[in-house]
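J.: could you work out the structure for the sequence below:
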Amino acid sequence: EVQLVESGGGMVQPGGSLRLSCAASGFGFGSFAMTWVRQAPGKGPEWVSAINHGGDTTYYADSVKGRFTISRDNAKNMLYLQMNSLKPEDTALYYCARPTFILATTYDYWGQGTQVTVSS
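T.: Residues are numbered from 1 along each chain as shown. Model prediction:
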């Protein structure tokens, strides 16, 4: 059974930082690209970032470029998202997902999400 379990969300003030983690199991994690997707209240899903299977190629939405860093540890089957300089508009439920291909917005599997709230 494929499982993606996110953690690390919380409430933070504007300008603060959080590190999200995603524990993957049930598939050959190191063979697949992975993504982070977020969904704000009342809005549709927004693609945030992607990383190739080896971890040496990354992509970011313009809205987070320069502030967020995606990374992975294939030995531990873990995906990460380091989020710095957080803004209120980053408030959303953040999901890790396995895309159908690296820059796809269709996904084979999603996690349950972890809430990030940026507020003063």
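
J.: all strands for this protein, in order.
T.: For the chain, applying DSSP state E gives strands covering 3-7, 10-12, 18-25, 34-39, 45-51, 58-60, 68-73, 78-83, 92-99, 107-110, 114-118.

J.: dump those strands to a markdown table, plus mean neighbour count and mean pLDDT.
T.: C-beta: built from backbone N, CA, C; applies to glycine. A markdown table is the format used below for the strands of the chain (neighbours: other C-beta atoms under 10 Å; pLDDT from 0 to 100):
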| stretch | mean neighbour count | mean pLDDT |
| --- | --- | --- |
| strand 3-7 | 17 | 98 |
| strand 10-12 | 14 | 98 |
| strand 18-25 | 19 | 98 |
| strand 34-39 | 23 | 97 |
| strand 45-51 | 20 | 96 |
| strand 58-60 | 16 | 97 |
| strand 68-73 | 18 | 98 |
| strand 78-83 | 21 | 98 |
| strand 92-99 | 23 | 97 |
| strand 107-110 | 16 | 94 |
| strand 114-118 | 18 | 98 |
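
J.: so how far is Y94 from the closest residue to L4 other than its chain neighbours?
T.: Nearest-residue entry for L4: G111, 3.6 Å, with adjacent residues in sequence omitted and distances by C-beta to C-beta, 6 or more residues apart in numbering. Going from G111 to Y94 by C-beta to C-beta, to the nearest Å gives 9 Å.

J.: any shared contact partners between the two?
T.: Common neighbours of G111 and Y94, counting by C-beta atoms under 8 Å, 6 or more residues apart in numbering, are E6.

J.: next up, the contacts around the closest residue to W110 other than its chain neighbours.
T.: With sequence-adjacent residues excluded and distances taken as C-beta to C-beta, 6+ apart, W110 is closest to A97, at 4.7 Å. Contact analysis of A97 by C-beta under 8 Å, 6+ apart lists L4, M34, T35, W36, V37, Y107, D108, Y109, W110, G111.
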